[in-house]
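Q: Just to be clear, the model below is a prediction. Sequence and coordinates:
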Amino acid sequence: MSGADSGASPDAAGRVLVAARDLTVVRGGRRILDGVSLTLRAGERWVLRGDNGAGKTTLARVLAGLLAPDAGAVEWDPSLAPPLPLLFQDADSMIAAATVRDEVALGARAPGMPPPRRGGADPAGERVAATLSAFGLDGMARRNPRALSVGEKRRLNLASLAVLDSPVLILDEPELHLDDDAWREWTRRLDAWIAAGDRLVVEITRDDARRAEATGVLVMADGRLLRPGSPGVTADGMPGAGAAADGMAGAAAPMPAPADAGVAAAPPPPRPPGGAPLLRASALRLDRPGGGPPVLDGVDLSLDAGERVLLLGGNGSGKTSLLLLLSGLADPDGGRLELRGDLRPGLAFQEPERGCFAETVAEELEFGPRRRGVPAAERARRVDAALAALGLAPADFRERDPFTLSAGELRRVALAAVLTLEPALLLLDEPAAALDPAGRRDLARALAAREGALVWADCRPMPGAGRLFHRVLHLAGGRLREAAP
């Protein structure tokens, strides 16, 4: 598949930068890529779509030169020096330096050049200073990148790639963990970067607005790359590709947004009758390490049994810190937190898959209940129920190695592991990140069917929030305020 034969205008086609032929990758007996061929040219920008497990991330890594295929080959233009710049889904895996400034500076100079001066008095130093400013990182230039919020780390990842000024950029779901303002700023920067040169961009994204700006859309299903075509041909040729093919009407045509696939669950049940709250927080304060305004400053929160709450806040607003306090994994610097005597909250971290460790999916999901003394028959029932609730067929996934799964599948497994605990209070930190539309629907339905309380923290408003949550809270400036669902 090439730009010219998949919808791009011949006049717009530039020189070939990346050419892949018959790429095949096999893991755990499964074909993650199955005979993928494509040609990518300067000046093109492609959106790569597909459900969890379709092979998108694997293809991105092979095209970048970070993963060798088991069969087939990739050829790069002689001007390129693989590995090519690739944004990973995991923000922490891209961080290597001790400060934010040094992280950006790693890509600001060519081999053999002296390190950039901190004052920005040389070309490399000026590039570093300009990039830090453009991505709103100049005020945290001396901070340890590991101490940033996940959203701030994501911004740093993007800045570290932008400073490279490469003719090729491959992005694996760049919108993950970015709030709306940060995402709009990033897309503005990306579009300006593309317009300034004859560049190639391949972007794995679930943001439908990005499709309208693309040369075309490449759709993957079951490790195969399908030629963009008419809606009937594309949909019929994509078993299992689901919502990834919605609206396919030609490679370069703008596409309509799919139907609400976010939180489209049944209306919440009536609020439980009054009584002793499950949780009560009064004037919680959490100081910021190294000084400055507190992360949380006088937070009050009361949560009843069975109540579902959506907690919204921008990057760095303190959402994750508040969940840690509510779970008992961190102590406040001031205020008081009261939990019902028998309450044992279940917490799914922002990247819950990072905690996976078992050799099979079943062992991963059984670990928590086993530690709590749940009998074997009940553990098996919970494992199958949690997998099925999140759209993973137990017969197909129970004995799989978690580390051969796609990022979206592994996230579902990690979330299912928390569900098997059946906690009376479930705390979720951006649980829908990296999930495809079907995964988000399955998660919403699973949560709607639970009887326990829920706090879902996210950096973006949720479509259809009124159908799942009893309350919506906003966290900003260290304080909570209530808003309409």
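A: Arrived safely, thanks for sending.
Q: Leaving out chain neighbours, which residue sits closest to Arg30?
A: Spatial nearest neighbour of Arg30, excluding adjacent residues (Cβ to Cβ, 6 or more residues apart in numbering): Thr404 at 7.2 Å. The way it works is simple: take the backbone N, C-alpha and C, and place the C-beta from them, glycine included.
Q: okay but that neighbour is in contact with Val26, surely?
A: No: Thr404 lies out of contact with Val26 (Cβ atoms under 8 Å); the separation is 10.3 Å.
Q: Can you show me the helices along the stretch 1-150 of the chain?
A: Along the stretch 1-150 of the chain, the segments classed as helices by DSSP state H, counting those that start in this stretch run 56-64, 100-105, 123-134, 150-162.
Q: With mean pLDDT and mean neighbour count as added columns, please give the ones you listed in JSON lines.
A: Output for those, formatted as JSON lines (pLDDT from 0 to 100; neighbours: other Cβ atoms under 10 Å):
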{"stretch": "helix 56-64", "mean pLDDT": "96", "mean neighbour count": "24"}
{"stretch": "helix 100-105", "mean pLDDT": "94", "mean neighbour count": "24"}
{"stretch": "helix 123-134", "mean pLDDT": "87", "mean neighbour count": "20"}
{"stretch": "helix 150-162", "mean pLDDT": "86", "mean neighbour count": "24"}
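Q: With distance to Ala281 added, can I get the ones you listed in CSV?
A: Formatted as CSV, the helices of the stretch 1-150 of the chain follow (distance: least, Cβ to Cβ, whole Å):
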stretch, distance to Ala281
helix 56-64, 38
helix 100-105, 32
helix 123-134, 36
helix 150-162, 23
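Q: so which of these gets nearest Lys319?
A: Set against Lys319 and scored by Cβ to Cβ, these come closest in helix 150-162, at 9.3 Å.
Q: In terms of secondary structure, what does the closest one contact?
A: When contacts are defined as 3 or more Cβ pairs under 8 Å, 6 or more residues apart in numbering; DSSP states H and E, helix 150-162 sits against strand 86-87, helix 100-105, helix 123-134, helix 180-195.
Q: now the ones you listed in CSV, with distance to Arg288?
A: Supplementary listing: those in CSV, determined by distance: least, Cβ to Cβ, whole Å:
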stretch, distance to Arg288
strand 86-87, 28
helix 100-105, 16
helix 123-134, 20
helix 180-195, 20
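Q: coming back round to it: quick check: pLDDT value at the residue nearest to Arg30.
A: On pLDDT, Thr404 comes in at 87.
Q: contacting residues for it?
A: Contact analysis of Thr404 by Cβ atoms under 8 Å, 6 or more residues apart in numbering lists Arg27, Gly28, Arg30.
Q: for Arg471, same thing?
A: By Cβ under 8 Å, 6+ apart, the contact set of Arg471 is Glu307, Arg308, Val309, Leu310, Glu482, Pro485.
Q: Tell me, how many residues neighbour the closest residue to Asp333 other than its chain neighbours?
A: Nearest non-adjacent residue to Asp333, counting by Cβ to Cβ, 6+ apart: Asp287, 4.6 Å away. Neighbour count for Asp287, taken as other Cβ atoms under 10 Å: 15.
Q: before we move on, what about Thr360?
A: 14.
Q: just checking, it touches Phe397?
A: No: counting by Cβ under 8 Å, Thr360 does not reach Phe397; the two are 9.3 Å apart.
Q: if we can go back for a sec, residues in contact with the residue nearest to Asp333?
A: By Cβ under 8 Å, 6+ apart, Asp287 lies in contact with Pro294, Val295, Asp333.
Q: Am I right that the first one sits in a strand?
A: No: Pro294: not assigned to a strand; according to DSSP: H, G, I helix; E, B strand; the rest coil it is coil.
Q: Look up how far Gly316 lies from it.
A: Between Pro294 and Gly316 the distance is 13 Å, computed by Cβ to Cβ, to the nearest Å.
Q: Give me the neighbour count for the residue lying closest to Phe357 once chain neighbours are set aside.
A: In space, and not counting its chain neighbours, Phe357 is closest to Glu364: 7.4 Å by Cβ to Cβ, 6+ apart. Around Glu364 there are 23 other residues, counting by other Cβ under 10 Å.
Q: and if you look at Val26?
A: If you count neighbours by other Cβ under 10 Å, Val26 ends up with 14.
Q: mind checking how far the nearest residue to it once chain neighbours are set aside is from Arg31?
A: Excluding the flanking residues, the one nearest Val26 by Cβ to Cβ, 6+ apart is Asp70, at 5.2 Å. Distance of Asp70 to Arg31, computed by Cβ to Cβ: 9 Å.
Q: any residues in contact with both of the two?
A: Contacts common to Asp70 and Arg31, judged by Cβ under 8 Å, 6+ apart, are Thr24, Val25.
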